[in-house]
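Undergrad: Provide a 3D model corresponding to the input given below.
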Amino acid sequence: MESYLNENFGGVKSKNSTEEALGKWRKLCGVVKNPKRRFRFTANISKRYEAAEMRRTNQEKLRVAVLVSKAAFQFIQGVQPSDYVVPEDVKAAGFQICADELGSIVEGHDVKKLKFHGGVSGIAEKLSTSTTKGLSGDSESRQRRQELFGINKFAESEIRSFWIYVYEALQDMTLMILGVCAFVSLIVGVLTEGWPKGAHDGLGIVASILLVVFVTATSDYRQSLQFKDLDKEKKKISIQVTRNGYRQKMSIYNLLPGDIVHLSIGDQVPADGLFVSGFSVLIDESSLTGESEPIMVTTQNPFLLSGTKVQDGSCTMLVTTVGMRTQWGKLMATLSEGGDDETPLQVKLNGVATIIGKIGLVFAVITFSVLVKGHLGRKIREGRFWRWSGDDAMEMLEFFAIAVTIVVVAVPEGLPLAVTLSLAFAMKKMMNDKALVRHLAACETMGSATTICSDKTGTLTTNRMTVVKTCICMNSKEVNNHDSSLSSELPDSATKLLLQSIFNNTGGEVVVNKKGKREILGTPTESAILEFGLSLGGDPNAEKQACKIVKVEPFNSEKKRMGVVVELPDGSLRAHCKGASEIILAACDKVIGSKGDVVSLDGESINYLNSIINQFASEALRTLCLAYMELESGFSANDLIPSSGYTCIGIVGIKDPVRPGVKESVAVCRSAGIVVRMVTGDNINTAKAIARECGILTDDGIAIEGPDFREKTQEELFELIPKIQVMARSSPLDKHTLVKQLRTTFGEVVAVTGDGTNDAPALHEADIGLAMGIAGTEVAKESADVIILDDNFSTIVTVARWGRSVYINIQKFVQFQLTVNVVALLVNFSSACVTGSAPLTAVQLLWVNMIMDTLGALALATEPPTDDLMKREPVGRKGDFISSVMWRNILGQALYQFVVIWFLQSVGKWIFFLRGPNADIVLNTLIFNTFVFCQVFNEINSREMEEIDVFKGIWDNHVFVAVISATVVFQIIIVEYLGTFANTTPLSLVQWIFCLSIGYMGLPIAIRLKQIPV
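TA: This is a model prediction of the structure:
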């Protein structure tokens, strides 16, 4: 079966599946009782084609718009007259431009219209906003603005009501056929036996159908609500905005036209807008247009489109158009209907359901044929073949109902849906554990992970950074932010250069919040250096006002440096750079000496500074070097900032402590067979010190630097990669190469963490991409499968534990359901062949179907994870889903149950001294009751596939206890009080004890089965 499933249903991957693979398995699903329900949580391929078509249209529209705007820019001579008239309602609200006009300017890249309205500053004025202070005013004025210009949300499909799920559950073909049978049975029964006696059989089937439908719909509805909650969490995106003169963090959904938004590398543009100011802004429009070439945004080309990504640089933007008025809003509304890809497990279980469904259909046809043949043979023997009564019709109808119900029981429609149920449950719980799953498949794939490639900063460490050591003017010193003695020890000229470098060459910002207190915005590294600058008595505003910024090169993880060129008050130019210590130091040929004078950097000085870097790094400090150089007056903003010839100002050592619990989590991974590798851009000595502290770097492991890794041949990599535990000074390409090699050459299932824009390729390549929720950019989050909301490595281990739990839970449910399938099929089929009648009626089989389908999935697919899960080896890429252990348990239990029921059918009347007209119904009730209790105890057995103690932790799973209790209570009610409808009769205490005992015997038999090696 496994090879058949892999061949026909194995094309769907955990991510990036082809449209061909998604379409292939759908065609193979021949026996589907309820397509609406079976394919609910699968991708809508037609909607995806629609979205792709929309992208192509956008690409063409933007291409034309750009060409037109370029032409217009060349030929505009002064302001051209325009026939634009401000609508009265817009005027009355205090604005001079409407939403449609704003939309046409940005979306159409209309330079002519932009110039007519006075450029960006003119548009800001007409929107009653300021390009420096942003929107001002109270909530009432914001409400008025929202009514006129719209909200920044795209249209979403409405929440489906409970009754929609009831309707979809009723679309089950077999239930419809049974409904028709029930109706015919009702009519014939009432006509032949009168009311109410003749209605019992028909009403029994109707009641059973309604019970199945409502239980199914309730389960599906609750699932949909869970997914809705998770969708809300996925869409929580914040952005830096200036409003009322203060810079603040705000949800993108609260943005209004007129807001001033701050964008930096890795951000997603949250609405359509116009560039106000900034440096080196490159925009990736591929998500909107499919165009891979990035666009440079400047004052000449100021148009920014919603949904595009900032690939480089930083800027402020004036929001002009929001929500469904943007092309991105329309595209997202279509994409949201496309749905998530189905997961590999869902597809595999669709395959299992299809195979068993076909077998069940064959058995149902044979069973019906045998029952009809038996009935016709009896009529021939009795000589009344040509005389047909209402009883004959009812019997034929009962045979047909039994055959249809065999199909109901045989087609395990609940298998693929159990995956979704388990994933929804796990995703909800993981949300509470600070992990947001963006793609369903990641949940189950994480359970098979064999390798985790983790970042260092913020994941293994706390990301709370402080400068604790410095080496400035060739003097090494310990510092703290509350001690300002360092500034008095440094020469004035060196202090001035240091503060100029800190406050101008930064990606962070020191702002005053609403409470009047200083607040530092930016990455933890930038914040630590700015905090250090403030402790030296620096004034960020004074430093920025004293210089004019000419060019900015933001931090780049390839170059491991950032730079800025400033114009000094005397008109001269100076470049500042900072970055990885050894890289910046290699670019220096001079250094500021102990007296504040600039001296040549000789061999002795280089060795001294390198020893300082290594000393700081071996103490697990992150080291950065700051340097400057004087530029000639001929430098222009279009020139590249020089890469050598600098004067070293100093080196800072930044402390970033290891997170509590990381060492224990790494040990848990090791015991679970998961190899943890650290991949960082930091210095190799810093990386090794942290890796040893975390327990990642062992005596037989290797630490390597990215540049060395790049030099290796394929043969060398084959030998080296299994031993690599730390990769330092790595570039995003190194990370991508490592992940690709681990996946393809070594067949590993790889989870990768990432936070930067450049991590996107590695996150995309990995089996599971894990983005950081706090430090991660929007680009990284967009490429990830799971977002770690607290940036903590321990949370990644929790995700792995839940992933394993999902995988094992589905295996438990499959084992349980296949056992019921096999026994129900064999019992009814063999009984029909031998005795000419079926011991389990349609109503009884529907109840059994509900126990094994909806209720079974609820009980077994929602088992919480245990610590024992992390003591097993990972399944990896090639593990069989229906394992030999499962087949042993399924066949062993099925054989026991079949033998018991066959034994009861053969000698049950003799054992229980059953005589008289009620003997058959009492025996059939005994068989039905025994069969159900066998399933109840088998459900308990299925909690553990290999462990002997199946009761361990049972009381912690309230859902399981509730389902088992409800099953037993309903079974008692059905047998004792609903006999007229369910074809049962009340049993004696001895008979009840017998049924319970037979069911209970499944437990010791399971223990014996688990001792059989496979």
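Undergrad: Now do the SS call for residue 626.
TA: With DSSP: H, G, I helix; E, B strand; the rest coil as the basis, the three-state label of residue 626 is strand.
Undergrad: and it, what is it in contact with?
TA: Counting by Cβ atoms under 8 Å, 6 or more residues apart in numbering, residue 626 touches 498, 501-502, 505, 576-578, 584, 648-652. C-betas here are computed from N, CA, C, even on glycine.
Undergrad: Closest to residue 602 out of those?
TA: residue 648 (12.4 Å; Cβ to Cβ).
Undergrad: Could you double-check that the closest one lies in contact with residue 592?
TA: Yes. Contact criterion Cβ atoms under 8 Å: residue 648 and residue 592 qualify, at 6.9 Å.
Undergrad: Show me which of these two is the more surrounded one.
TA: Using other Cβ atoms under 10 Å as the criterion, residue 648 and residue 592 rank with residue 648 on top: 27 against 24.
Undergrad: Would you mind naming the residues that bridge with that one?
TA: Here residue 648 sits in beta bridges with residue 591, residue 627, as judged by DSSP bridges.
Undergrad: quick one, what contacts it?
TA: 584-585, 588, 590-592, 601, 609, 625-627.
Undergrad: 10 Å instead?
TA: For residue 648, the contact set (Cβ atoms under 10 Å, 6 or more residues apart in numbering) comprises 471-474, 581, 584-585, 587-592, 598, 601, 605-606, 609, 625-628.
Undergrad: And residue 996, by the same measure?
TA: Per Cβ under 10 Å, 6+ apart, neighbours of residue 996: 929-930, 933, 936-937, 968.
Undergrad: Domain boundaries for this structure, per the record?
TA: 82-152+255-325, 412-433+800-1013, 435-461+659-791, 466-655 (the TED database).
Undergrad: winner for burial among those domains?
TA: domain 435-461+659-791 (a mean of 21; mean count of other Cβ atoms under 10 Å).
Undergrad: What segments of the stretch 351-500 of the chain are helices?
TA: Using DSSP state H, counting those that start in this stretch, the helices of the stretch 351-500 of the chain run over residues 390-410, 414-432, 440-446, 485-489, 492-504.
Undergrad: Quick one: closest of those to residue 243.
TA: helix 492-504 (24.4 Å).
Undergrad: Would you reformat the contacts of residue 626 as JSON lines and include distance to residue 616?
TA: Shown next, in JSON lines, are the contacts of residue 626 (distance: Cβ to Cβ, whole Å):
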{"residue": "498", "distance to residue 616": "17"}
{"residue": "501", "distance to residue 616": "19"}
{"residue": "502", "distance to residue 616": "18"}
{"residue": "505", "distance to residue 616": "20"}
{"residue": "576", "distance to residue 616": "21"}
{"residue": "577", "distance to residue 616": "19"}
{"residue": "578", "distance to residue 616": "15"}
{"residue": "584", "distance to residue 616": "14"}
{"residue": "648", "distance to residue 616": "15"}
{"residue": "649", "distance to residue 616": "16"}
{"residue": "650", "distance to residue 616": "12"}
{"residue": "651", "distance to residue 616": "7"}
{"residue": "652", "distance to residue 616": "9"}
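Undergrad: okay if I get those residues as TSV plus pLDDT?
TA: Converted to TSV, those look like this (pLDDT from 0 to 100):
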residue	pLDDT
498	94
501	94
502	94
505	92
576	96
577	95
578	95
584	94
648	95
649	94
650	94
651	95
652	95
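Undergrad: Which of those residues lies at the shortest distance from residue 106?
TA: Once Cβ to Cβ is applied, the member of those that ends up nearest residue 106 is residue 505, at 32.4 Å.
Undergrad: if I look at that closest one, how far off is residue 554?
TA: 10 Å (Cβ to Cβ, to the nearest Å).
Undergrad: how close does the residue nearest to the spatial centre of the chain get to residue 286?
TA: Of all residues in the chain, the one closest to the mean position by Cα atoms, centre = their mean is residue 438, 2.2 Å from it. Here residue 438 is placed at a distance of 19 Å from residue 286 (Cβ to Cβ).
Undergrad: before we move on, what about residue 577?
TA: 31 Å.
Undergrad: picking that back up, and of the helices of the stretch 351-500 of the chain, who's closest to residue 724?
TA: Closest among the helices of the stretch 351-500 of the chain, using Cβ to Cβ: helix 440-446, at 21.8 Å.
Undergrad: Which other helices and strands does that closest one contact?
TA: helix 344-381, helix 414-432, strand 435-437, strand 750-754, strand 768-772, strand 786-788, helix 793-835 (3 or more Cβ pairs under 10 Å, 6 or more residues apart in numbering; DSSP states H and E).
Undergrad: Repeat the analysis, applying 8 Å as the threshold.
TA: Helices and strands touching helix 440-446, by 3 or more Cβ pairs under 8 Å, 6 or more residues apart in numbering; DSSP states H and E, are helix 344-381, helix 414-432, strand 768-772, helix 793-835.
Undergrad: Tell me the helix or strand right after the third one.
TA: Yep, that's strand 768-772 we're talking about. Of the helices and strands lying after strand 768-772 in sequence (DSSP states H and E), the nearest is helix 778-783.
Undergrad: quick check, distance from that next one to the centre of its chain.
TA: Its chain's average C-alpha position is 12 Å from that of helix 778-783, according to Cα atoms, centre = their mean, to the nearest Å.
Undergrad: Are there helices or strands packed against that helix, and which ones?
TA: strand 309-321, helix 760-765, strand 768-772.
Undergrad: Mean pLDDT added to the ones you listed, as JSON lines?
TA: Shown next, in JSON lines, are those (pLDDT from 0 to 100):
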{"stretch": "strand 309-321", "mean pLDDT": "89"}
{"stretch": "helix 760-765", "mean pLDDT": "84"}
{"stretch": "strand 768-772", "mean pLDDT": "89"}
